[in-house]
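S.K.: Give me a model of this one.
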Amino acid sequence: MSCDSVGVYGCELEGTTPTMDRLASQSLRFEHAHVTVGNCNPCRNVMFSGLISHNNKVEGFYKVTDPGWPHMVDLLKEAGYYAGIHGKVTHSSPYQPYAWDDDLTISPSGKKAHIKDAKAYGESTSRGIETAKKSGKPFFLSINISDPHKPFWSQVRGGGEDPYIPSRIYTAEEVPVPGFLFEDSEVREELALYYSSVRRADDCLNEVLKALKKSGQWENTMIVFLSDHGMPLPFAKTQLYHHSTRTPLMVRLPGTTQAGKVEKRHMVSILDLLPTVLDSLGIAKPKRQDGRSFLPLLRGEKQEDRDYIIKEYNENAGRSRDPMRAIQSKTHLYLFNPWSNGERIFATATNGTVTCKRMIKLSEEDEEMNKRLELYRFRVPEELYQVNKDPDCLENLIDYVTQEKTKIKLQASLEEWMERTNDPILECFRRRDDPEFVEAYIQKLEEEANTRRVKEKSSTKSKKEKKKS
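M.R.: Down below sits the predicted model:
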């Protein structure tokens, strides 16, 4: 879900998220919060590890049997917590099965809840809290609402009617078209389904919060709400643009956060979530962390060195290796795309959307649309956008003389980060003006990644066979 699909984050469409808006009025809301990557499996493993993707080893949609770092589940269970999860189970840990106490999508009778059923989210929340209570433990629940992930409202895999009706359904005529997309009747139809799914996600959250209040634990529970990346449409999902990573982060920590306050001074990253949660609960943090706690911000204090955030992409579910790095301040976004050589096509997750298909069709007769399609498919090695004026990232300023100082400053900060975190494409970045070196480097990384996948697959198969025997 894109951040600006939420009412309090400036959604142009009335009534999309009444529950999220109400939660915002009860929480500290961050204006400048970002995830590190625009696809879910890598994002969630950053969230639960406090390590950037190249350090937590979950760079795509495959399992890492021996990641070498503690998951949030490990740390909280060691501290005496019950850990339950609903939804996104396979994407929320480096390998399966992980040590969650319960997969709450599965009822005691063994029936699995539908991922679009709002009531099921409330039932899972209630059951998780009650199970923890019976065990004499505090609870950690990871409640992962499927909407507005595709399939959108009314689109049922295998056909048939969608029984899970949003509390409000939007029409193509009333929805706003994001600036990074384009005006078109079919695009509007897809956006209407997307916004209706956003409303259904809000319905799911409503059930979760009702269950929490009914349990009597409302004033004793830390709530963290966010989206794992932008809308599943071109130039948002599977990208590192502004609307790909900006997230509607809200935190409610009773006795600490000020209800309804908006934090506009600092930039925070999902990389910082694990150390923040552990600090808030008084649990010791692992020595190895790329993120750092923003608990002082929850207390209303200031924190130094929060002027930018780092983003990193490596690959999507298709396992095409398309590494990207980015650094974003409040005003600018710099992107480095070493995979872009004018021939390689980016393997984004949004190719099958109606909007993408319309872009391809319209590009046959519209030169401007064709240029947009070319960028979507091939990108360019470097991009620079002034996001405070151009959040849709439409005008690449990389060669503008007036932006030279800003570009150099961002590049220097990104290089420093890459060096500090042992980024495998550091040398590639340092020699970014040598296309032959960059191309050879990327091909080498692809070969190494393929070898690693084969080893992991073999290790996983061996473990399964050993378990079976």
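S.K.: Give me the contact list for the helix or strand hosting T355.
M.R.: Taking DSSP states H and E as the criterion, T355 maps to helix 354-363. With contacts defined as Cβ atoms under 8 Å, 6 or more residues apart in numbering, helix 354-363 is touched by 181-182, 184, 186-187, 189-191, 233-234, 350, 369-370, 372-373, 376. Heads up, the C-betas are built off the backbone N, CA and C, glycines and all.
S.K.: where in the protein is pLDDT low?
M.R.: Residue ranges of the chain with pLDDT under 70: 318, 452-453, 456-469.
S.K.: Enumerate every residue touching the residue nearest the centre of it.
M.R.: Nearest residue to the geometric centre of the chain (Cα atoms, centre = their mean): D228, 2.4 Å. Residues counted as contacts of D228 (Cβ under 8 Å, 6+ apart) are V35, C40, C43, R44, M47, T247.
S.K.: Am I right that the fifth one is in a helix?
M.R.: Yes. M47: assigned to a helix according to DSSP: H, G, I helix; E, B strand; the rest coil.
S.K.: Who are the contact partners of it?
M.R.: V35, M72, D228, I270, L273, L274.
S.K.: Show me which of the residues you listed are buried.
M.R.: With neighbours counted by 16 or more other Cβ atoms under 10 Å, these contain buried members at V35, M72, D228, I270, L273, L274.
S.K.: So which of the residues you listed are in helices?
M.R.: M72, L273, L274 (DSSP state H).
S.K.: quick one: the strands in this protein?
M.R.: In the chain, the strands defined using DSSP state E lie at 28-30, 33-34, 82-86, 102-103, 139-143, 223-225, 250-252, 262-263, 268-269, 308-315, 321-329, 333-336, 382-385.
S.K.: For these, give me CSV that also has distance to E59.
M.R.: Output for those, formatted as CSV (distance: least, Cβ to Cβ, whole Å):
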stretch, distance to E59
strand 28-30, 26
strand 33-34, 18
strand 82-86, 22
strand 102-103, 25
strand 139-143, 21
strand 223-225, 24
strand 250-252, 27
strand 262-263, 30
strand 268-269, 17
strand 308-315, 4
strand 321-329, 9
strand 333-336, 16
strand 382-385, 21
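S.K.: These: which one's closest to D66?
M.R.: Nearest of the strands of the chain to D66, taken as Cβ to Cβ: strand 308-315 at 18.8 Å.
S.K.: The closest one: partners in the sheet, and parallel or antiparallel?
M.R.: strand 321-329 (antiparallel) (DSSP bridges).
S.K.: Return the distance of the strand it pairs with from the chain's centre.
M.R.: 14 Å (Cα atoms, centre = their mean, to the nearest Å).
S.K.: Just the C-alphas of it, formatted as CSV.
M.R.: Taking C-alpha atoms only, strand 321-329 is exported to CSV below (Å, rounded to 0.1, in the frame of the first residue of the first chain):
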residue,chain,number,x,y,z
ARG,A,321,19.7,-10.2,-10.5
ASP,A,322,19.0,-6.5,-10.9
PRO,A,323,21.0,-4.8,-8.0
MET,A,324,20.2,-1.2,-7.2
ARG,A,325,21.3,1.2,-4.4
ALA,A,326,19.8,4.5,-3.3
ILE,A,327,20.0,7.2,-0.8
GLN,A,328,17.2,9.7,0.0
SER,A,329,17.1,12.9,2.0
